[in-house]
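J.: coords please:
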Amino acid sequence: MSVSVLSPTGLLGSISGLLQVAALLGLVLLLLKAAQLYLHRQWLLKALQQFPSPPPHWLFGHNQEFQKDQELQQLKKRVEEFPCACPQWLWGSNARLTVYDPDYMKVILGRSDPKSLGSYRLLAPWIGYGLLLLDGQRWFQHRRMLTPAFHYDILKPYVGLMANSVRVMLDKWEELISQDSHLDIYGHISLMTLDTIMKCAFSQQDSEQTHRNLRSYIQAIGDVKNLFFFRVRNFFYQNDIIYSLTPDGRKNHRACQLAHQHTDRVIKQRKVLLQEDRELEKVRRKRHLDFLDILLFARMENGSSLSDKDLRAEVDTFMFEGHDTTATGISWILYALATHPEHQQRCREEIQSLLGDDASITWNHLDQMPYTTMCIKEALRLYPPVPVVGRELSKPITFPDGRSLPKGIMVSLSFYGLHHNPKVWPNPEVFDPSRFALGTTSHSHAFLPFSGGSRNCIGKQFAMNELKVAVALTLLRFELAPDPSRVPIPVQEIVLSSKNGIHLQLRKIL
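T.: Numbering: from 1, shown residues only. Modelled structure (predicted):
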(Lines give C-alpha, C1' and ligand atoms only; values in the text may rest on other atoms or scores of the structure.)
Protein backbone atom coordinates (compact mmCIF):
# COMPACT_ATOMS: atom_id res chain seq x y z
CA MET A 1 0.00 0.00 0.00
CA SER A 2 1.39 3.39 -1.00
CA VAL A 3 0.86 6.60 1.00
CA SER A 4 0.89 9.99 -0.78
CA VAL A 5 2.55 12.75 1.23
CA LEU A 6 2.58 16.37 0.06
CA SER A 7 5.98 17.95 -0.06
CA PRO A 8 6.44 21.33 1.66
CA THR A 9 6.50 22.95 -1.75
CA GLY A 10 3.25 21.23 -2.74
CA LEU A 11 1.58 22.20 0.57
CA LEU A 12 2.56 25.85 0.12
CA GLY A 13 1.23 25.71 -3.41
CA SER A 14 -2.16 24.39 -2.20
CA ILE A 15 -2.42 27.10 0.47
CA SER A 16 -1.46 29.75 -2.07
CA GLY A 17 -4.14 28.46 -4.42
CA LEU A 18 -6.81 28.60 -1.68
CA LEU A 19 -5.79 32.15 -0.79
CA GLN A 20 -6.07 33.18 -4.43
CA VAL A 21 -9.55 31.64 -4.66
CA ALA A 22 -10.58 33.40 -1.43
CA ALA A 23 -9.19 36.72 -2.65
CA LEU A 24 -11.01 36.33 -5.96
CA LEU A 25 -14.25 35.45 -4.17
CA GLY A 26 -13.83 38.48 -1.88
CA LEU A 27 -13.24 40.73 -4.87
CA VAL A 28 -16.36 39.39 -6.60
CA LEU A 29 -18.47 39.99 -3.47
CA LEU A 30 -17.02 43.49 -3.12
CA LEU A 31 -17.85 44.29 -6.73
CA LEU A 32 -21.37 42.92 -6.30
CA LYS A 33 -21.86 45.08 -3.21
CA ALA A 34 -20.50 48.13 -5.03
CA ALA A 35 -22.87 47.46 -7.92
CA GLN A 36 -25.77 47.09 -5.49
CA LEU A 37 -24.95 50.42 -3.79
CA TYR A 38 -24.55 52.14 -7.17
CA LEU A 39 -27.91 50.86 -8.44
CA HIS A 40 -29.60 51.87 -5.18
CA ARG A 41 -28.09 55.36 -5.47
CA GLN A 42 -29.38 55.66 -9.05
CA TRP A 43 -32.84 54.57 -7.88
CA LEU A 44 -32.78 57.21 -5.11
CA LEU A 45 -31.65 59.93 -7.52
CA LYS A 46 -34.56 59.13 -9.82
CA ALA A 47 -37.08 58.82 -6.97
CA LEU A 48 -36.06 62.19 -5.46
CA GLN A 49 -35.55 64.10 -8.70
CA GLN A 50 -38.71 66.18 -8.16
CA PHE A 51 -37.23 67.56 -4.95
CA PRO A 52 -34.19 69.82 -5.46
CA SER A 53 -31.40 70.10 -2.89
CA PRO A 54 -27.82 71.36 -2.67
CA PRO A 55 -25.56 68.90 -4.55
CA PRO A 56 -24.34 66.15 -2.21
CA HIS A 57 -20.81 64.75 -2.08
CA TRP A 58 -20.79 61.40 -3.90
CA LEU A 59 -19.64 59.56 -0.74
CA PHE A 60 -20.27 61.77 2.31
CA GLY A 61 -23.58 63.19 1.13
CA HIS A 62 -24.58 66.30 3.09
CA ASN A 63 -22.85 65.20 6.28
CA GLN A 64 -20.28 67.99 6.10
CA GLU A 65 -23.08 70.57 6.12
CA PHE A 66 -25.03 68.87 8.87
CA GLN A 67 -22.48 68.76 11.67
CA LYS A 68 -24.12 68.35 15.06
CA ASP A 69 -23.72 71.98 16.18
CA GLN A 70 -24.98 73.40 12.87
CA GLU A 71 -27.64 70.90 11.85
CA LEU A 72 -30.64 72.97 12.92
CA GLN A 73 -29.27 76.17 11.40
CA GLN A 74 -28.72 74.37 8.09
CA LEU A 75 -32.22 72.94 8.32
CA LYS A 76 -33.75 76.41 8.71
CA LYS A 77 -31.86 77.61 5.63
CA ARG A 78 -33.27 74.72 3.63
CA VAL A 79 -36.79 75.38 4.90
CA GLU A 80 -36.54 78.92 3.51
CA GLU A 81 -34.96 77.88 0.21
CA PHE A 82 -36.79 74.70 -0.75
CA PRO A 83 -40.59 74.64 -0.41
CA CYS A 84 -42.27 71.79 1.44
CA ALA A 85 -39.43 69.23 1.50
CA CYS A 86 -35.79 68.62 0.65
CA PRO A 87 -33.64 65.47 0.28
CA GLN A 88 -30.80 64.92 2.72
CA TRP A 89 -28.06 62.46 1.77
CA LEU A 90 -26.35 60.75 4.69
CA TRP A 91 -23.82 59.06 2.40
CA GLY A 92 -23.55 57.89 -1.18
CA SER A 93 -26.40 55.37 -1.19
CA ASN A 94 -28.49 56.53 1.76
CA ALA A 95 -30.92 59.43 1.54
CA ARG A 96 -34.17 60.56 3.08
CA LEU A 97 -36.69 63.25 2.25
CA THR A 98 -37.00 65.83 5.05
CA VAL A 99 -40.54 67.21 5.19
CA TYR A 100 -41.58 70.48 6.91
CA ASP A 101 -44.87 71.44 5.24
CA PRO A 102 -48.23 70.96 7.04
CA ASP A 103 -50.02 69.60 3.95
CA TYR A 104 -47.24 67.05 3.45
CA MET A 105 -47.36 66.18 7.16
CA LYS A 106 -51.11 65.63 7.01
CA VAL A 107 -50.84 63.21 4.08
CA ILE A 108 -48.04 61.16 5.65
CA LEU A 109 -49.41 61.08 9.20
CA GLY A 110 -52.81 60.08 7.84
CA ARG A 111 -51.30 56.83 6.56
CA SER A 112 -50.01 53.78 8.42
CA ASP A 113 -46.43 53.63 7.11
CA PRO A 114 -43.99 51.90 9.48
CA LYS A 115 -41.18 53.67 11.29
CA SER A 116 -38.11 53.98 9.09
CA LEU A 117 -36.17 50.80 9.76
CA GLY A 118 -32.83 52.35 8.84
CA SER A 119 -32.45 54.41 12.01
CA TYR A 120 -35.15 53.25 14.42
CA ARG A 121 -33.84 49.68 14.47
CA LEU A 122 -30.69 51.08 16.08
CA LEU A 123 -32.79 51.90 19.17
CA ALA A 124 -33.99 48.31 19.58
CA PRO A 125 -31.08 47.12 21.80
CA TRP A 126 -32.12 49.85 24.26
CA ILE A 127 -35.92 50.12 24.24
CA GLY A 128 -36.85 46.91 22.41
CA TYR A 129 -39.97 46.63 20.31
CA GLY A 130 -42.54 48.47 22.37
CA LEU A 131 -45.07 51.07 21.32
CA LEU A 132 -42.45 53.35 19.74
CA LEU A 133 -40.93 50.74 17.38
CA LEU A 134 -43.79 48.32 16.78
CA ASP A 135 -45.81 48.43 13.56
CA GLY A 136 -48.93 46.85 12.12
CA GLN A 137 -51.30 44.69 14.14
CA ARG A 138 -48.97 44.28 17.13
CA TRP A 139 -48.67 48.05 17.47
CA PHE A 140 -52.46 48.40 17.27
CA GLN A 141 -52.96 45.75 19.99
CA HIS A 142 -50.44 47.38 22.34
CA ARG A 143 -51.82 50.87 21.72
CA ARG A 144 -55.37 49.73 22.45
CA MET A 145 -54.20 47.87 25.54
CA LEU A 146 -52.38 50.91 26.99
CA THR A 147 -54.86 53.66 26.11
CA PRO A 148 -56.91 53.19 29.33
CA ALA A 149 -53.80 54.12 31.35
CA PHE A 150 -54.28 57.69 30.09
CA HIS A 151 -57.98 58.05 30.92
CA TYR A 152 -58.68 61.33 32.72
CA ASP A 153 -59.81 59.43 35.85
CA ILE A 154 -56.26 58.04 36.03
CA LEU A 155 -54.60 61.38 35.23
CA LYS A 156 -56.51 63.44 37.82
CA PRO A 157 -54.73 62.23 40.98
CA TYR A 158 -51.38 62.41 39.19
CA VAL A 159 -51.48 66.23 39.40
CA GLY A 160 -50.84 66.08 43.15
CA LEU A 161 -47.96 63.64 42.66
CA MET A 162 -46.46 65.87 39.99
CA ALA A 163 -46.71 68.90 42.27
CA ASN A 164 -44.95 67.06 45.11
CA SER A 165 -42.06 66.10 42.85
CA VAL A 166 -41.75 69.65 41.54
CA ARG A 167 -41.65 71.05 45.10
CA VAL A 168 -38.81 68.70 46.03
CA MET A 169 -36.85 70.03 43.06
CA LEU A 170 -37.64 73.67 43.86
CA ASP A 171 -36.57 73.19 47.50
CA LYS A 172 -33.25 71.89 46.19
CA TRP A 173 -32.94 74.93 43.93
CA GLU A 174 -33.42 77.23 46.92
CA GLU A 175 -30.48 75.57 48.65
CA LEU A 176 -28.28 75.77 45.57
CA ILE A 177 -28.90 79.42 44.72
CA SER A 178 -27.94 80.46 48.23
CA GLN A 179 -24.40 79.73 47.01
CA ASP A 180 -24.69 80.54 43.29
CA SER A 181 -27.71 81.94 41.43
CA HIS A 182 -26.55 80.33 38.14
CA LEU A 183 -27.96 76.85 37.59
CA ASP A 184 -27.94 74.26 34.81
CA ILE A 185 -31.56 73.24 35.14
CA TYR A 186 -31.86 70.23 32.80
CA GLY A 187 -30.32 67.60 35.10
CA HIS A 188 -32.52 68.63 38.02
CA ILE A 189 -35.66 68.66 35.88
CA SER A 190 -34.80 65.26 34.42
CA LEU A 191 -34.53 63.79 37.93
CA MET A 192 -37.87 65.39 38.81
CA THR A 193 -39.73 64.04 35.78
CA LEU A 194 -38.24 60.58 36.27
CA ASP A 195 -39.34 60.70 39.93
CA THR A 196 -42.82 61.72 38.73
CA ILE A 197 -43.14 58.92 36.20
CA MET A 198 -41.93 56.40 38.78
CA LYS A 199 -44.76 57.47 41.12
CA CYS A 200 -47.51 57.90 38.54
CA ALA A 201 -46.95 55.05 36.09
CA PHE A 202 -44.87 52.57 38.08
CA SER A 203 -46.44 52.73 41.57
CA GLN A 204 -43.32 53.94 43.39
CA GLN A 205 -44.25 55.69 46.62
CA ASP A 206 -41.21 57.55 47.91
CA SER A 207 -39.40 60.49 46.34
CA GLU A 208 -36.18 59.27 44.75
CA GLN A 209 -34.70 62.45 43.31
CA THR A 210 -31.47 61.91 45.23
CA HIS A 211 -31.35 58.16 44.56
CA ARG A 212 -28.12 56.99 42.93
CA ASN A 213 -29.97 54.47 40.75
CA LEU A 214 -31.98 57.22 39.11
CA ARG A 215 -28.87 59.28 38.45
CA SER A 216 -27.06 56.33 36.86
CA TYR A 217 -30.13 55.61 34.71
CA ILE A 218 -30.28 59.21 33.49
CA GLN A 219 -26.55 59.15 32.70
CA ALA A 220 -27.02 55.92 30.73
CA ILE A 221 -29.88 57.45 28.73
CA GLY A 222 -27.73 60.49 27.95
CA ASP A 223 -24.95 58.22 26.66
CA VAL A 224 -27.33 56.21 24.47
CA LYS A 225 -28.80 59.36 22.91
CA ASN A 226 -25.37 60.78 22.04
CA LEU A 227 -24.13 57.47 20.64
CA PHE A 228 -27.28 57.05 18.55
CA PHE A 229 -26.66 60.40 16.81
CA PHE A 230 -23.14 59.40 15.76
CA ARG A 231 -24.13 55.90 14.73
CA VAL A 232 -26.91 57.05 12.40
CA ARG A 233 -24.43 59.19 10.48
CA ASN A 234 -21.54 56.73 10.35
CA PHE A 235 -21.56 54.37 7.36
CA PHE A 236 -19.31 51.81 9.06
CA TYR A 237 -21.45 51.70 12.22
CA GLN A 238 -24.57 50.40 10.42
CA ASN A 239 -23.49 46.77 10.71
CA ASP A 240 -24.32 45.45 14.20
CA ILE A 241 -21.31 43.12 14.40
CA ILE A 242 -18.81 45.79 13.36
CA TYR A 243 -20.42 48.33 15.72
CA SER A 244 -20.28 45.92 18.67
CA LEU A 245 -16.50 45.68 18.25
CA THR A 246 -15.92 49.45 18.39
CA PRO A 247 -15.39 51.51 21.58
CA ASP A 248 -18.69 53.30 20.90
CA GLY A 249 -20.46 49.98 20.44
CA ARG A 250 -19.14 48.65 23.75
CA LYS A 251 -20.09 51.88 25.52
CA ASN A 252 -23.59 51.67 24.05
CA HIS A 253 -23.93 48.07 25.24
CA ARG A 254 -22.94 49.06 28.80
CA ALA A 255 -25.37 51.99 28.80
CA CYS A 256 -28.23 49.75 27.61
CA GLN A 257 -27.42 47.25 30.36
CA LEU A 258 -27.61 50.00 33.00
CA ALA A 259 -30.96 51.17 31.66
CA HIS A 260 -32.30 47.61 31.62
CA GLN A 261 -31.16 47.01 35.20
CA HIS A 262 -33.27 49.96 36.29
CA THR A 263 -36.41 48.88 34.44
CA ASP A 264 -35.99 45.23 35.49
CA ARG A 265 -35.79 46.37 39.11
CA VAL A 266 -39.03 48.38 38.75
CA ILE A 267 -40.88 45.42 37.21
CA LYS A 268 -39.58 42.97 39.83
CA GLN A 269 -40.56 45.24 42.74
CA ARG A 270 -44.10 45.62 41.42
CA LYS A 271 -44.48 41.88 40.82
CA VAL A 272 -43.37 41.14 44.38
CA LEU A 273 -45.78 43.73 45.79
CA LEU A 274 -48.69 42.32 43.80
CA GLN A 275 -48.18 38.97 45.51
CA GLU A 276 -49.49 40.58 48.71
CA ASP A 277 -53.24 40.12 49.18
CA ARG A 278 -53.75 43.69 50.40
CA GLU A 279 -52.05 45.25 47.38
CA LEU A 280 -53.88 42.94 45.00
CA GLU A 281 -57.21 43.90 46.55
CA LYS A 282 -56.31 47.59 46.20
CA VAL A 283 -55.63 47.09 42.49
CA ARG A 284 -58.93 45.20 42.01
CA ARG A 285 -60.84 48.10 43.57
CA LYS A 286 -59.40 50.59 41.06
CA ARG A 287 -61.75 51.73 38.33
CA HIS A 288 -58.75 52.09 36.00
CA LEU A 289 -55.32 50.51 36.28
CA ASP A 290 -52.11 52.49 35.99
CA PHE A 291 -49.52 51.85 33.28
CA LEU A 292 -47.46 49.07 34.86
CA ASP A 293 -50.45 47.21 36.30
CA ILE A 294 -52.08 47.18 32.86
CA LEU A 295 -48.94 45.56 31.46
CA LEU A 296 -48.76 42.98 34.24
CA PHE A 297 -52.45 42.03 34.01
CA ALA A 298 -52.69 42.29 30.22
CA ARG A 299 -54.10 39.54 28.08
CA MET A 300 -53.68 39.64 24.33
CA GLU A 301 -56.44 38.65 21.91
CA ASN A 302 -55.24 35.04 21.90
CA GLY A 303 -55.48 34.93 25.70
CA SER A 304 -51.75 34.97 26.36
CA SER A 305 -50.08 37.48 28.67
CA LEU A 306 -47.27 39.74 27.55
CA SER A 307 -43.91 38.02 27.34
CA ASP A 308 -41.13 39.28 29.61
CA LYS A 309 -39.44 40.71 26.51
CA ASP A 310 -42.55 42.66 25.44
CA LEU A 311 -43.17 43.79 29.01
CA ARG A 312 -39.68 45.22 29.41
CA ALA A 313 -39.84 46.86 25.98
CA GLU A 314 -42.96 48.80 26.96
CA VAL A 315 -41.49 49.76 30.33
CA ASP A 316 -38.20 50.85 28.75
CA THR A 317 -40.09 52.86 26.12
CA PHE A 318 -42.38 54.67 28.52
CA MET A 319 -39.68 55.14 31.17
CA PHE A 320 -37.69 57.08 28.58
CA GLU A 321 -40.51 58.89 26.79
CA GLY A 322 -42.36 59.66 30.00
CA HIS A 323 -39.46 61.49 31.60
CA ASP A 324 -36.88 62.60 29.02
CA THR A 325 -39.10 64.33 26.48
CA THR A 326 -41.04 66.03 29.30
CA ALA A 327 -37.84 67.18 31.00
CA THR A 328 -36.65 68.57 27.68
CA GLY A 329 -39.94 70.42 27.18
CA ILE A 330 -39.95 71.96 30.68
CA SER A 331 -36.30 73.04 30.39
CA TRP A 332 -36.83 74.84 27.07
CA ILE A 333 -40.10 76.43 28.26
CA LEU A 334 -38.39 77.89 31.33
CA TYR A 335 -35.55 79.12 29.13
CA ALA A 336 -38.03 80.78 26.74
CA LEU A 337 -39.77 82.52 29.65
CA ALA A 338 -36.42 83.56 31.13
CA THR A 339 -35.50 85.30 27.87
CA HIS A 340 -38.90 87.03 27.66
CA PRO A 341 -39.47 88.56 31.12
CA GLU A 342 -42.63 90.46 30.11
CA HIS A 343 -44.38 87.19 29.22
CA GLN A 344 -42.93 85.49 32.30
CA GLN A 345 -44.39 88.17 34.56
CA ARG A 346 -47.80 88.00 32.91
CA CYS A 347 -47.84 84.21 33.44
CA ARG A 348 -46.80 84.70 37.08
CA GLU A 349 -49.61 87.18 37.71
CA GLU A 350 -52.14 84.81 36.13
CA ILE A 351 -50.95 81.94 38.34
CA GLN A 352 -50.87 84.08 41.49
CA SER A 353 -54.45 85.20 40.87
CA LEU A 354 -55.48 81.57 40.36
CA LEU A 355 -53.64 79.90 43.23
CA GLY A 356 -53.10 82.75 45.68
CA ASP A 357 -50.59 82.18 48.46
CA ASP A 358 -51.56 78.53 48.90
CA ALA A 359 -49.58 77.34 45.87
CA SER A 360 -51.47 74.03 45.86
CA ILE A 361 -52.46 73.10 42.34
CA THR A 362 -55.20 70.68 41.27
CA TRP A 363 -56.61 69.16 38.11
CA ASN A 364 -59.30 71.88 37.91
CA HIS A 365 -56.67 74.63 37.84
CA LEU A 366 -54.99 73.32 34.70
CA ASP A 367 -57.65 74.67 32.32
CA GLN A 368 -57.77 78.06 34.07
CA MET A 369 -54.39 79.44 33.00
CA PRO A 370 -54.94 80.43 29.35
CA TYR A 371 -52.02 82.83 28.96
CA THR A 372 -49.56 80.43 30.60
CA THR A 373 -50.82 77.69 28.28
CA MET A 374 -50.29 79.96 25.26
CA CYS A 375 -46.71 80.62 26.38
CA ILE A 376 -46.10 76.89 26.90
CA LYS A 377 -47.35 76.14 23.38
CA GLU A 378 -45.25 78.91 21.85
CA ALA A 379 -42.15 77.53 23.60
CA LEU A 380 -43.01 74.05 22.30
CA ARG A 381 -43.26 75.53 18.82
CA LEU A 382 -39.79 77.09 19.06
CA TYR A 383 -38.29 74.10 20.86
CA PRO A 384 -40.25 70.90 20.04
CA PRO A 385 -38.99 68.21 22.47
CA VAL A 386 -39.06 65.56 19.72
CA PRO A 387 -37.68 67.45 16.70
CA VAL A 388 -38.11 64.71 14.08
CA VAL A 389 -39.68 61.30 13.46
CA GLY A 390 -39.24 58.93 10.55
CA ARG A 391 -41.38 56.79 8.26
CA GLU A 392 -40.61 54.29 5.50
CA LEU A 393 -43.18 54.52 2.72
CA SER A 394 -45.02 51.21 2.43
CA LYS A 395 -46.69 52.29 -0.82
CA PRO A 396 -46.33 55.18 -3.30
CA ILE A 397 -47.50 58.61 -2.19
CA THR A 398 -48.64 61.74 -4.04
CA PHE A 399 -48.61 65.10 -2.28
CA PRO A 400 -51.14 67.93 -2.77
CA ASP A 401 -48.77 69.82 -5.10
CA GLY A 402 -48.57 66.80 -7.44
CA ARG A 403 -45.07 65.62 -6.54
CA SER A 404 -44.78 61.95 -5.66
CA LEU A 405 -42.51 59.31 -4.16
CA PRO A 406 -42.30 55.54 -4.71
CA LYS A 407 -42.58 52.83 -2.10
CA GLY A 408 -39.45 52.30 0.03
CA ILE A 409 -38.33 55.93 0.43
CA MET A 410 -37.35 57.06 3.93
CA VAL A 411 -39.13 60.23 5.04
CA SER A 412 -38.13 62.43 7.98
CA LEU A 413 -40.97 64.50 9.43
CA SER A 414 -39.14 67.53 10.79
CA PHE A 415 -41.35 69.12 13.43
CA TYR A 416 -38.54 71.57 14.13
CA GLY A 417 -38.50 72.59 10.45
CA LEU A 418 -42.31 72.81 10.38
CA HIS A 419 -42.40 75.02 13.49
CA HIS A 420 -39.73 77.32 12.01
CA ASN A 421 -41.24 77.44 8.53
CA PRO A 422 -41.87 81.14 7.66
CA LYS A 423 -44.62 80.14 5.20
CA VAL A 424 -46.51 78.56 8.10
CA TRP A 425 -45.43 80.79 11.01
CA PRO A 426 -44.61 84.42 10.06
CA ASN A 427 -41.46 85.65 11.84
CA PRO A 428 -40.87 82.13 13.18
CA GLU A 429 -37.93 83.07 15.45
CA VAL A 430 -40.06 85.58 17.40
CA PHE A 431 -41.61 84.37 20.68
CA ASP A 432 -45.26 85.37 20.24
CA PRO A 433 -47.80 83.55 22.44
CA SER A 434 -50.69 85.34 20.70
CA ARG A 435 -50.28 82.81 17.86
CA PHE A 436 -52.23 80.43 20.12
CA ALA A 437 -55.00 82.80 21.20
CA LEU A 438 -58.53 81.44 20.97
CA GLY A 439 -60.03 81.98 17.55
CA THR A 440 -56.67 82.09 15.81
CA THR A 441 -56.97 80.00 12.66
CA SER A 442 -54.18 77.59 11.91
CA HIS A 443 -53.59 74.51 9.79
CA SER A 444 -54.46 71.31 11.64
CA HIS A 445 -50.91 70.04 11.09
CA ALA A 446 -48.98 73.30 11.62
CA PHE A 447 -48.23 72.59 15.31
CA LEU A 448 -47.13 69.04 16.12
CA PRO A 449 -45.13 68.91 19.39
CA PHE A 450 -46.68 65.50 20.07
CA SER A 451 -46.74 64.32 16.43
CA GLY A 452 -50.13 63.61 14.83
CA GLY A 453 -52.37 60.97 13.33
CA SER A 454 -52.96 57.55 14.84
CA ARG A 455 -49.35 57.35 16.09
CA ASN A 456 -49.41 60.60 18.03
CA CYS A 457 -47.94 60.60 21.54
CA ILE A 458 -50.15 58.44 23.75
CA GLY A 459 -49.04 60.41 26.82
CA LYS A 460 -49.56 63.93 25.45
CA GLN A 461 -52.21 64.88 28.05
CA PHE A 462 -50.03 63.52 30.85
CA ALA A 463 -47.12 65.57 29.48
CA MET A 464 -49.14 68.80 29.10
CA ASN A 465 -50.40 68.46 32.67
CA GLU A 466 -46.86 68.06 33.97
CA LEU A 467 -45.61 71.02 31.91
CA LYS A 468 -48.31 73.25 33.39
CA VAL A 469 -47.70 72.10 36.96
CA ALA A 470 -43.92 72.55 36.70
CA VAL A 471 -44.13 75.99 35.05
CA ALA A 472 -46.79 77.29 37.45
CA LEU A 473 -45.03 76.25 40.65
CA THR A 474 -41.63 77.40 39.39
CA LEU A 475 -42.86 80.88 38.49
CA LEU A 476 -44.52 81.25 41.89
CA ARG A 477 -41.19 80.57 43.59
CA PHE A 478 -38.53 82.10 41.30
CA GLU A 479 -37.81 84.87 38.85
CA LEU A 480 -35.92 83.45 35.87
CA ALA A 481 -33.28 85.16 33.77
CA PRO A 482 -30.90 83.79 31.11
CA ASP A 483 -27.20 83.33 31.74
CA PRO A 484 -25.65 85.55 29.03
CA SER A 485 -22.29 83.78 29.31
CA ARG A 486 -23.80 80.37 28.49
CA VAL A 487 -26.45 80.63 25.79
CA PRO A 488 -27.81 77.13 25.04
CA ILE A 489 -26.98 75.58 21.66
CA PRO A 490 -29.90 73.40 20.49
CA VAL A 491 -28.88 70.10 18.88
CA GLN A 492 -31.09 67.52 17.23
CA GLU A 493 -30.80 64.14 18.91
CA ILE A 494 -33.64 61.80 19.79
CA VAL A 495 -34.88 64.81 21.74
CA LEU A 496 -34.01 68.50 21.30
CA SER A 497 -30.98 68.72 23.57
CA SER A 498 -28.58 71.56 24.31
CA LYS A 499 -24.90 71.01 23.62
CA ASN A 500 -23.85 73.13 26.60
CA GLY A 501 -26.75 72.68 29.01
CA ILE A 502 -29.57 75.11 29.80
CA HIS A 503 -28.25 77.63 32.30
CA LEU A 504 -30.48 80.14 34.07
CA GLN A 505 -30.15 82.70 36.82
CA LEU A 506 -32.73 82.22 39.56
CA ARG A 507 -33.92 84.72 42.15
CA LYS A 508 -36.19 83.65 44.98
CA ILE A 509 -39.43 85.59 45.14
CA LEU A 510 -39.89 86.86 48.71
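
J.: Show me the strands in this protein, by range?
T.: Assigned by DSSP state E, the chain shows strands spanning 85-91, 94-99, 182-184, 388-392, 397-398, 404-405, 410-414, 478-482, 490-492, 496-498, 503-508.

J.: Format these as JSON lines; extra columns: mean pLDDT and distance to residue 57.
T.: To be clear about C-beta, it is placed using only N, CA and C from the backbone, and glycine gets the same treatment. Formatted as JSON lines, these follow (pLDDT from 0 to 100; distance: least, Cβ to Cβ, whole Å):
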{"stretch": "strand 85-91", "mean pLDDT": "92", "distance to residue 57": "8"}
{"stretch": "strand 94-99", "mean pLDDT": "94", "distance to residue 57": "12"}
{"stretch": "strand 182-184", "mean pLDDT": "93", "distance to residue 57": "37"}
{"stretch": "strand 388-392", "mean pLDDT": "94", "distance to residue 57": "22"}
{"stretch": "strand 397-398", "mean pLDDT": "97", "distance to residue 57": "28"}
{"stretch": "strand 404-405", "mean pLDDT": "97", "distance to residue 57": "23"}
{"stretch": "strand 410-414", "mean pLDDT": "96", "distance to residue 57": "19"}
{"stretch": "strand 478-482", "mean pLDDT": "97", "distance to residue 57": "38"}
{"stretch": "strand 490-492", "mean pLDDT": "93", "distance to residue 57": "21"}
{"stretch": "strand 496-498", "mean pLDDT": "95", "distance to residue 57": "27"}
{"stretch": "strand 503-508", "mean pLDDT": "96", "distance to residue 57": "36"}
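
J.: Ok, which of these comes nearest residue 200?
T.: Nearest to residue 200, of all those, is strand 496-498, at 23.4 Å by Cβ to Cβ.

J.: Tell me which residues are up against the closest one.
T.: Outside strand 496-498, the residues that touch it by Cβ atoms under 8 Å, 6 or more residues apart in numbering are 186, 225, 328, 331-332, 383-387, 416, 488-491.

J.: Please name the strands paired to that strand in the sheet, noting orientation.
T.: strand 490-492 (antiparallel) (DSSP bridges).

J.: List the contacts of the partner strand.
T.: Strand 490-492 is contacted by residues 68-69, 71-72, 75, 229, 383, 387-388, 416, 496-499 when judged by Cβ under 8 Å, 6+ apart.

J.: are any of those buried, and which?
T.: Buried members of these, scored by 16 or more other Cβ atoms under 10 Å, are 68, 71, 72, 75, 229, 383, 387, 388, 416, 496, 497, 498.

J.: ok, back up a step: which of the contacts of strand 496-498 has the most neighbours?
T.: Each of the contacts of strand 496-498 was scored for neighbours by other Cβ atoms under 10 Å, and residue 331 scores highest at 29 neighbours.

J.: Just to check, it is in contact with residue 186?
T.: Yes: using Cβ atoms under 8 Å, residue 331 makes contact with residue 186 at a distance of 4.7 Å.

J.: what sits in contact with each of these two?
T.: In contact with both residue 331 and residue 186: 498, 502, using Cβ under 8 Å, 6+ apart.

J.: still on that earlier bit, using CSV, please lay out the contacts of strand 490-492 together with distance to residue 116.
T.: Output for the contacts of strand 490-492, formatted as CSV (distance: Cβ to Cβ, whole Å):
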residue, distance to residue 116
68, 20
69, 24
71, 18
72, 20
75, 17
229, 16
383, 24
387, 15
388, 11
416, 17
496, 19
497, 21
498, 26
499, 25
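
J.: Turn the strands of the chain into TSV, columns for distance to residue 26.
T.: Below are those laid out as TSV (distance: least, Cβ to Cβ, whole Å):
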stretch	distance to residue 26
strand 85-91	22
strand 94-99	23
strand 182-184	51
strand 388-392	31
strand 397-398	40
strand 404-405	36
strand 410-414	30
strand 478-482	58
strand 490-492	38
strand 496-498	42
strand 503-508	53
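
J.: do you know which of those strands lies nearest residue 464?
T.: Closest approach to residue 464 among the strands of the chain (Cβ to Cβ): strand 496-498, 16.9 Å.

J.: and that closest one, how far from the chain's centre?
T.: 11 Å (Cα atoms, centre = their mean, to the nearest Å).

J.: one step back: tell me which of the strands of the chain lies nearest to residue 281.
T.: Checked against Cβ to Cβ, the stretch from those lying closest is strand 388-392, at 41.6 Å.

J.: rewinding a little: just to be sure, which of the contacts of strand 490-492 are found in helices?
T.: The helices, defined by DSSP state H, take in 71, 72, 75, 229, 416 from the contacts of strand 490-492.

J.: Show me which of these is closest to residue 127.
T.: For the ones in helices among the contacts of strand 490-492, the nearest to residue 127 is residue 229 (15.8 Å; Cβ to Cβ).

J.: With adjacent residues omitted, what lies nearest to the closest one?
T.: Distances taken as Cβ to Cβ, 6 or more residues apart in numbering place residue 493 nearest to residue 229, at 5.1 Å, with adjacent residues excluded.

J.: For that neighbour, give its distance to residue 87.
T.: 22 Å (Cβ to Cβ, to the nearest Å).

J.: Ok, residue 246 next?
T.: For residue 246 relative to residue 87 (Cβ to Cβ), the value is 29 Å.

J.: Between the two, point out the one with more neighbours.
T.: Neighbours per residue (other Cβ under 10 Å) separate residue 246 from residue 87, with residue 87 holding more: 25 against 14.

J.: so what's the more buried one up against?
T.: If a contact means Cβ under 8 Å, 6+ apart, then residue 87 has 48, 51, 53, 95, 96, 97, 98 as its contacts.

J.: Please tell me I have it right and the first one contacts residue 98.
T.: Looking back up the chat, that one is residue 48. No: counting by Cβ under 8 Å, residue 48 does not reach residue 98; the two are 11.0 Å apart.

J.: tell me how far stretch 152-162 is from the chain's mean position?
T.: Taking mean C-alpha positions (Cα atoms, centre = their mean), stretch 152-162 and its chain are 23 Å apart.

J.: no wait, stretch 61-77
T.: 19 Å.

J.: So which residues make contact with that stretch?
T.: Counting by Cβ under 8 Å, 6+ apart, 53-54, 56-57, 88-92, 94-95, 98, 100, 229, 233, 387, 414, 416-417, 420, 489-492, 499 sit against stretch 61-77.
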